[in-house]
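**Student:** Structure, please.
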Amino acid sequence: MMAAEITYEQLSALNAAYGASIDDDRLESWPEFFADDCLYKITTADNQRQGLEAGMVYADSKGMLHDRVTALREANVYERQWYRHITGTPLIVGRGDDGVTAETPFLVVRVMRNGQSDLFATGRYLDRVVAGADGKLKFAQRIVVCDSNTIDTLLAIPL
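**Tutor:** Okay, the predicted model is just below:
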């Protein structure tokens, strides 16, 4: 599939499936939304505007994403929580030989073990999407830009 053939509907379906894999605690399937050579980063809007490369979460390969899931399951200690992702309509901002670039607004609600729900994060996904060898769309890049400069210390699960 060529970048010119990727549609808004396909990007929306990709975002919906991505959010569902996290929200339904199927974290082991989360890295499969990414190309082998990829970038996943969570940062703030201020850091993004200033061109600061560091992020609260940074992975530059699918292997690092798998390692993150393993750490979440086996090593990290954090209060049990779930997310509910709400994503807006993607805006395609470019098409090229290296895929489609898109921006998608998001909202994530965190549900704690006691049932308390809070607005956890808002922002936008800055994506570069490519067709994988299997024909499925994959994120070659997903930069999660959070609107707030204050990031909750319970940021454990991917956004």
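**Student:** Specify the residue positioned farthest from the middle of this structure.
**Tutor:** Among the residues of the chain, the one whose C-alpha is farthest from the average of all C-alpha positions is residue 114, by Cα atoms, centre = their mean at 25.7 Å.
**Student:** does it sit in a helix, a strand or a coil?
**Tutor:** coil (DSSP: H, G, I helix; E, B strand; the rest coil).
**Student:** Show me which residues of the lowest-mean-pLDDT helix or strand in the chain are buried.
**Tutor:** Least confident helix or strand, the chain: helix 45-50 with a mean of 89, by mean pLDDT, DSSP states H and E. Residues of helix 45-50 classed as buried under the neighbour-count rule (16 or more other Cβ atoms under 10 Å) are 47-48. (Each C-beta comes from the backbone N, C-alpha and C, glycine too.)
**Student:** Restrict it to CA atoms and write it as CSV.
**Tutor:** This file holds the C-alpha atoms of helix 45-50, laid out as CSV (Å, rounded to 0.1, in the frame of the first residue of the first chain):
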residue,chain,number,x,y,z
ALA,A,45,3.7,20.6,24.3
ASP,A,46,6.3,23.0,25.8
ASN,A,47,9.1,20.5,25.2
GLN,A,48,7.9,19.9,21.7
ARG,A,49,7.7,23.6,20.8
GLN,A,50,11.2,24.1,22.2
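**Student:** how much distance is there from that helix to the middle of the chain?
**Tutor:** The gap between the average C-alpha position of helix 45-50 and the chain average comes to 17 Å, counting by Cα atoms, centre = their mean, to the nearest Å.
**Student:** Grab the CA positions of stretch 59-70 and hand them over as PDB.
**Tutor:** As requested, C-alpha coordinates have been extracted for stretch 59-70 and formatted as PDB (Å, rounded to 0.1, in the frame of the first residue of the first chain):
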ATOM      1  CA  ALA A  59      11.700   4.000  22.700                       C
ATOM      2  CA  ASP A  60      13.300   3.800  19.300                       C
ATOM      3  CA  SER A  61      12.500   0.200  18.400                       C
ATOM      4  CA  LYS A  62       9.700  -2.300  18.600                       C
ATOM      5  CA  GLY A  63      12.000  -4.400  20.900                       C
ATOM      6  CA  MET A  64      12.200  -1.500  23.400                       C
ATOM      7  CA  LEU A  65       8.300  -1.400  23.400                       C
ATOM      8  CA  HIS A  66       8.200  -5.200  24.100                       C
ATOM      9  CA  ASP A  67      10.800  -4.600  27.000                       C
ATOM     10  CA  ARG A  68       8.500  -1.800  28.400                       C
ATOM     11  CA  VAL A  69       5.500  -4.200  28.500                       C
ATOM     12  CA  THR A  70       7.700  -6.900  30.100                       C
END
